[in-house]
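**Q** got a predicted structure plus its sequence, pasted below:
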Amino acid sequence: MNEQSLAGQAAFAPANTADIADAMIVSAGFRIDVDRRRGRAAGLNPSGRFEPMRREAIDDGWQNLEDLPPFKTEVQIEKPRTAITRNESPDIPFDRSINPYRGCEHGCIYCFARPTHAYMGLSAGLDFEAKLFAKPDAAKLLERELAKPGYKPRVIAIGTNTDPYQPIEKEWRIMRQILEVLEKANHPVSIVTKSAMIMRDLDILSAMAERNLVRVSLSVTTLDRKLARTMEPRASTPTRRLEAIRALSEAGIQTSVMAAPMIPALNDHELERILDSAHAAGATEAGYVILRLPLEVSPLFRDWLLQNYPDRYRHVMSLVRSMRGGKDYDAEFGKRMKGAGPYAWQIARRFEMATKRLGMTRRSMPLRDDLFVPPDGSGVQLSLL
């Protein structure tokens, strides 16, 4: 990239020296060639934050960087000790969750789960989208945990970190195996996804819905197909997600819509349209989350924004920081999901007025946990007493 084009891109950056420097460094030397990352959202693949060394792209004269092979989806098997993850976060409405996969092929550029790939010695950038981990023993581990003496059932959340219905689920079918265990045990589950693949499991979900054991939320970020393709390259199209809402609702399943994340000056103007469309498709509840940019997500998102919407860079980041106390992100409980300040307040009031108009403010009945029947315990270690 020559100095002239570099200066042209930097001109769109905020009048913040650090931002301009970041934008120039990213554009000048660390960007992965578009042909190597086709169908991916992240343009960078920086070293994980725990790595002792940092990688930098240089031309040593031996091989042209454009000659390197494209990024392909690779899946490794992970062997966890447990299937259920516990949390005590005060602003999350569940205390346990299951993640069938680590990393996500949907590749949403804003995904707050990207930094978790650093624990695997990998990048939160392209590695998060292309180097995935599957947990094929998850269903067996879950069955064993549910059979333990003293286990008390409460709603298990799935899809809170990475999407259980990402494309590799077609082959691995781990999510379906988990649902089979939960359905057999009459265990309540709450699912969040942005994939129409969930319709594959309508047989299990509708059977669970008859006993009030399941709730599903479809994440609809935008109705603009072009924006969705750029921002969430391998997720279902907005139209397909609305079709999934309709199919789930018609099957008698409690279905809601998550307008998340709302990104100021990029998709927040669609909030009411998203809610209207989801309500027309059958969603009875709704929620929203303001854009979150923790750790590595911030430079990845800012680079993506600079490359795809350079004319909006300054405005978007200014509004984001106005909701985060002048920073890219504020992780304080109670504020991290909704933000703070006048702009965040405005979005909250718009959401409140729209859901009230649509009758989406009522809360559905709590999922039942009194029907739980522990598995037979096969595979559970016996007591030595």
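**A** Great, that's in hand.
**Q** for the chain, give me the ranges with low pLDDT.
**A** Residues of the chain meeting the criterion pLDDT under 70: 1-29, 56-59, 62-67, 377-385.
**Q** now tell me what touches the top helix by length along the chain from outside.
**A** Counting residues, the longest helix found in the chain (DSSP state H) is helix 342-358. Under the contact criterion Cβ atoms under 8 Å, 6 or more residues apart in numbering, helix 342-358 has outside partners 259, 262, 264, 268, 271-272, 275-276, 279, 286, 288, 290, 319, 322-323, 338-339, 360-361. In this view, the C-beta of every residue, glycine as well, is placed from N, C-alpha and C.
**Q** restrict it to CA atoms and write it as PDB.
**A** Taking C-alpha atoms only, helix 342-358 is exported to PDB below (Å, rounded to 0.1, in the frame of the first residue of the first chain):
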ATOM      1  CA  PRO A 342     -27.500  10.000  26.600                       C
ATOM      2  CA  TYR A 343     -27.200   7.800  23.500                       C
ATOM      3  CA  ALA A 344     -27.600   4.600  25.400                       C
ATOM      4  CA  TRP A 345     -30.600   6.000  27.200                       C
ATOM      5  CA  GLN A 346     -32.100   7.000  23.800                       C
ATOM      6  CA  ILE A 347     -31.700   3.400  22.500                       C
ATOM      7  CA  ALA A 348     -33.300   2.000  25.700                       C
ATOM      8  CA  ARG A 349     -36.300   4.300  25.400                       C
ATOM      9  CA  ARG A 350     -36.800   3.400  21.700                       C
ATOM     10  CA  PHE A 351     -36.700  -0.300  22.600                       C
ATOM     11  CA  GLU A 352     -39.100   0.200  25.400                       C
ATOM     12  CA  MET A 353     -41.600   2.100  23.200                       C
ATOM     13  CA  ALA A 354     -41.400  -0.300  20.300                       C
ATOM     14  CA  THR A 355     -41.900  -3.400  22.500                       C
ATOM     15  CA  LYS A 356     -44.700  -1.800  24.300                       C
ATOM     16  CA  ARG A 357     -46.400  -0.900  21.000                       C
ATOM     17  CA  LEU A 358     -46.000  -4.500  19.800                       C
END
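**Q** buried residues in it, which are they?
**A** 343-344, 347, 350-351, 354-355, 358 (16 or more other Cβ atoms under 10 Å).
**Q** and if you look at stretch 127-137?
**A** 127-135, 137.
**Q** chain center to the longest helix of the chain, what's the gap?
**A** Put simply, helix 342-358 sits 23 Å off its chain's centre (Cα atoms, centre = their mean, to the nearest Å).
**Q** what of stretch 70-86?
**A** 16 Å.
**Q** span of it from start to end?
**A** 37 Å (Cα to Cα, to the nearest Å).
**Q** then stretch 51-60?
**A** 23 Å.
**Q** again, but for stretch 319-330
**A** Stretch 319-330: ends 14 Å apart by Cα to Cα.
**Q** ditto for stretch 223-239
**A** Across its full length, stretch 223-239 reaches 8 Å between end residues, using Cα to Cα.
**Q** do the same with stretch 116-129
**A** End-to-end distance (Cα to Cα), stretch 116-129: 12 Å.
**Q** what sits up against it?
**A** Contacts for stretch 116-129 (Cβ under 8 Å, 6+ apart): 32, 37, 40-51, 71, 73, 102-107, 111, 113-115, 131, 133, 161, 234, 295-297, 300.
**Q** how does it look with 6 Å?
**A** Residues from elsewhere that reach stretch 116-129 (Cβ atoms under 6 Å, 6 or more residues apart in numbering): 37, 40, 42, 44-46, 48-50, 71, 103, 107, 114-115, 131, 296, 300.
**Q** contact partners for residue 360?
**A** 285-286.
**Q** next, it: secondary structure please.
**A** coil (DSSP: H, G, I helix; E, B strand; the rest coil).
**Q** just the CA atoms of the one helix or strand residue 299 maps to, as CSV, please.
**A** Using DSSP states H and E, residue 299 maps to helix 297-308. Taking Å, rounded to 0.1, in the frame of the first residue of the first chain, the C-alpha atoms of helix 297-308 are listed here in CSV:
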residue,chain,number,x,y,z
VAL,A,297,-12.3,-7.3,19.8
SER,A,298,-11.7,-3.6,19.8
PRO,A,299,-8.8,-3.4,17.3
LEU,A,300,-10.4,-6.2,15.2
PHE,A,301,-13.7,-4.3,15.0
ARG,A,302,-12.0,-0.9,14.4
ASP,A,303,-10.0,-2.4,11.6
TRP,A,304,-13.1,-3.9,10.0
LEU,A,305,-15.0,-0.6,10.3
LEU,A,306,-12.1,1.3,8.8
GLN,A,307,-11.9,-1.1,5.8
ASN,A,308,-15.6,-1.4,5.2
